[in-house]
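# pasting the sequence and the predicted model now:
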Amino acid sequence: MAYSLEILGAVTAIYLVSLFLRAWSIRNRFRRATHQFGCQPVKHFPNWDPFLGLDLFVTLRRADARGQLSQAYADLHKRYGNTFEMKALTDSGIQTADPQNIQAVLATKFNDFGVGQVRGSAGAPFFDRGVFTDDGEFWKQSRSLIRPTFSRIEFANLDSFERHIGRFLALIPQDSTPFDILPLTKQLFLDTSSEFLFGQSIESLLPQTPFDTGEFMKAFDDSLHGLTFRLLAGPLRFLFVLDPTWKKAYTKVHKFVDKQVSNAIELQTVVANDDQEFTNAGKPKKYILLHEMARVTQDPLDLRAQILNVFIPARDTAAIAFGNIMFELARHPQIWTDLRAEVLAAVSSPQQINFDLLKSLPHCKAVINETFRLHLPVSRIKRVALRDTILPVGGGRDEKSPVFVPQGRLVELDLYTLQRDPEIWGPDAHEFRPGRWAAGRPLWEAKWQYEPFIGGPRICPAQQQVLLQLTYLLVRVVQNFRGIENRDEEIAYVEEMKLTSESRNGAKIALIPA
Ligand code: HEM
């Protein structure tokens, strides 16, 4: 017993000495940065638990339970400035909603920041290394594996999208019965994204789906759920080591993906190097990401990891965005009327819809932009400093001096606060007002004030594809229904923060047939 106490005492002493040495080293590096670059300290949230930040952690978890986590961060920014530092257990580090700092982290100082320690191996063995988890050379290689397909896809695949939309429209009640459009939209995008990513749609919108869709979706959701907990737990994720449900869930997902991977490899040996961008009938070739990847690597485990690295950010994001559009339109029915007038004037039949037409609808564009401004499916971006570096602003009393960021420090970009900042968007920043986009696309994007897909080298590769699909879907729904009504007693947007952020109450609406 005495012996174990001695060991415990020694371990504690070593830990405290290492903490002290680390703090001392950071202080020296900070002094050097002050001298060289004029860095000033950033404001700190006044934690009463300065070691772990349990006080703020509990406050934030309570806000999360109320569905107001993003707003809780925005309130902190209101009190402590655009850039401040805080401790909240695993969520400790610098918070910033400043466009200059966001630009530095994502673009101008891109090589100084990475996702490694934030995501790193948290997903393994559910999903291994790929474009979503890695930094440096491995990230570059993974990104180049998917880039060619994404840069061509936006022009193609509209035909198969229409096929899925037909099924989607048929499942919408035609007698103005209230329903929640979010789950239905999730099924639609699950079907289209599985077709684009794997070459085989999960066909969840069909009554006779060839898969046990419910089982697959549950397994995938359970896998993502387990992943969210592990990411939240940070270095404490070893605590989940004995959790058998996660393994059961991701094994089912692997079984499905591995089958698609082996199909892709087999197909590769049959149709090697088909570089044609058009079919023999002159139509744009339909791109399948896994098949394009299999032209570069035929390692099944690598392919599984790489495709899951795309499927995870793809899973629900676009569906959540469409649900949010419907959520807002149901609360602003007059805007639906304006949209419908624009759509009916431009489009008479689905066959007529093409890329150029979809790009030429300013009302649709404004509604989509404004929805993304208020409701971000990905609202917080986490990065870690890969080396000692500097943020351009946020230090000192006036928050205008540069801020020293030691290697290993977490920096969180708060896009929600940025995109609702009254100094940028005016006093009606919290209101849904697509009219603010009327003068075309203003400078907001160029100034890093509007970033739902972020910017810089890690910009969402699917941005153009998603915007095109959302416009297409909006056009098709607006064509078929002359009105929309809100059927939710709760008027406010209640947020459900998982890996992505969505409306906890879905989008309960009634659509009035044309
Ligand atoms: C409304 C829909 C979507 C939004 C708002 C969105 C937004 C984002 C954002 C903000 C990031 C950066 C995350 C970070 O670096 O921490 C990201 C990354 C990514 N997104 Fe999307 N996304 C959407 C849909 C999709 C879809 C449909 C796909 C695939 C088909 C996709 C594939 C990816 C991939 C692979 C990355 C990682 C890129 C990298 O790190 O280099 N996203 N997305």
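Perfect, thanks for sending it.

# kindly format the C-alpha coordinates of stretch 449-466 as CSV.
Extracted in CSV, the C-alpha atoms of stretch 449-466 (Å, rounded to 0.1, in the frame of the first residue of the first chain):
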residue,chain,number,x,y,z
GLN,A,449,-17.4,36.7,-43.9
TYR,A,450,-19.6,33.9,-45.4
GLU,A,451,-18.1,30.4,-45.3
PRO,A,452,-20.6,27.6,-45.1
PHE,A,453,-18.3,25.4,-47.1
ILE,A,454,-15.2,27.1,-45.7
GLY,A,455,-12.4,28.3,-48.0
GLY,A,456,-8.8,27.6,-48.8
PRO,A,457,-7.2,24.3,-49.8
ARG,A,458,-9.6,22.2,-47.6
ILE,A,459,-12.8,23.8,-49.0
CYS,A,460,-15.6,21.3,-49.2
PRO,A,461,-15.0,19.5,-52.5
ALA,A,462,-18.7,19.0,-53.0
GLN,A,463,-19.7,22.6,-52.8
GLN,A,464,-20.7,23.1,-56.4
GLN,A,465,-22.4,19.7,-56.6
VAL,A,466,-24.4,20.4,-53.5
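
# for that stretch, buried residues please.
449-456, 458, 460-462, 464-466 (16 or more other Cβ atoms under 10 Å). For every residue, glycine as well, the C-beta is placed using N, CA and C.

# now do stretch 135-144
The neighbour-count check on stretch 135-144 (16+ other Cβ under 10 Å) flags D135, W139, S142, R143 as buried.

# same thing with stretch 181-188?
I181, L182, L184, T185, K186, Q187, L188.

# which two among the buried residues of stretch 449-466 are spaced furthest apart?
The distance between the two most remote of the buried residues of stretch 449-466 (Cβ to Cβ) is 23.6 Å, for Q449 and Q465.

# all helices for the stretch 201-350 of the chain, in order.
For the stretch 201-350 of the chain, the helices defined by DSSP state H, counting those that start in this stretch cover 213-233, 244-270, 289-293, 300-314, 317-331, 333-346.

# in the stretch 1-150 of the chain, what spans have low per-residue confidence?
Residue ranges of the stretch 1-150 of the chain with pLDDT under 70: 1-2, 117-118, 120.

# distance of the closest residue to E495 other than its chain neighbours relative to the ligand?
What sits nearest to E495 in space, not counting adjacent residues and going by Cβ to Cβ, 6 or more residues apart in numbering, is G67, at 4.8 Å. Distance from G67 to the ligand, counting by Cβ to the nearest ligand atom, to the nearest Å: 19 Å.

# quick check, pLDDT for the residue nearest to the spatial centre of the chain.
Residue closest to the average C-alpha location in the chain (Cα atoms, centre = their mean): V378, at 3.5 Å. V378 is assigned 97 on the pLDDT scale.

# where does it land in three-state SS?
The three-state assignment at V378 reads coil, by DSSP: H, G, I helix; E, B strand; the rest coil.

# separation between it and Q419?
Applying Cβ to Cβ, to the nearest Å, the value for V378 to Q419 is 12 Å.

# joint contacts of those two?
Counting by Cβ atoms under 8 Å, 6 or more residues apart in numbering, the residues touching both V378 and Q419 are P452.

# quick check: residues of the stretch 101-250 of the chain near the ligand?
For the stretch 101-250 of the chain, the residues in contact with the ligand (Cβ under 6 Å from any ligand atom) are V131, F132, R143, S193.

# which of those residues lies closest to L19?
Nearest to L19, judged by Cβ to Cβ, of those is F132 at 32.2 Å.

# which one is that closest one nearest to, not counting chain neighbours?
Closest residue to F132 apart from its sequence neighbours, by Cβ to Cβ, 6+ apart: N309 at 4.2 Å.

# cool, and R119?
In this structure, R119 finds its nearest non-sequential neighbour in T133, 4.8 Å apart by Cβ to Cβ, 6+ apart.

# these two touch, right, that neighbour and G123?
Yes. In this structure T133 lies within contact range of G123 using Cβ atoms under 8 Å: 6.2 Å.

# thinking again about what came up before, tabulate the residues of the stretch 101-250 of the chain next to the ligand (CSV), appending secondary structure.
Below are these laid out as CSV (three-state DSSP):
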residue, secondary structure
V131, coil
F132, coil
R143, helix
S193, helix
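
# highest neighbour count among the residues you listed?
Greatest neighbour count in those, by other Cβ atoms under 10 Å, goes to S193: 24 neighbours.

# pLDDT at that residue, what is it?
91.

# is L470 in a helix, a strand, or coil?
Following three-state DSSP, L470 is assigned to helix.

# swap in Q449?
Under the three-state scheme (three-state DSSP), Q449 adopts coil.

# residues in contact with it?
Residues in contact with Q449 (Cβ under 8 Å, 6+ apart) are P99, L418, Q419, D421, I424.

# ok, and the closest non-adjacent residue to the third one?
This points to Q419. Nearest non-adjacent residue to Q419 (Cβ to Cβ, 6+ apart): R373, at 4.8 Å.

# my guess is T192 meets S160, correct?
Yes. Because the distance of 7.2 Å satisfies Cβ under 8 Å, T192 is recorded as touching S160.

# so those two - more neighbours on which side?
Between T192 and S160, counting by other Cβ under 10 Å, T192 is the more crowded of the two (25 against 15).

# now name the helix or strand holding the more buried one.
helix 181-198 (DSSP states H and E).

# that helix packs against which elements?
Judged by 3 or more Cβ pairs under 8 Å, 6 or more residues apart in numbering; DSSP states H and E, helix 181-198 is in contact with helix 158-170, helix 244-270, helix 289-293, helix 300-314, helix 317-331.

# reformat those helices as JSON lines; add distance to G394.
JSON lines is the format used below for the helices and strands packed on helix 181-198 (distance: least, Cβ to Cβ, whole Å):
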{"stretch": "helix 158-170", "distance to G394": "43"}
{"stretch": "helix 244-270", "distance to G394": "38"}
{"stretch": "helix 289-293", "distance to G394": "39"}
{"stretch": "helix 300-314", "distance to G394": "28"}
{"stretch": "helix 317-331", "distance to G394": "29"}
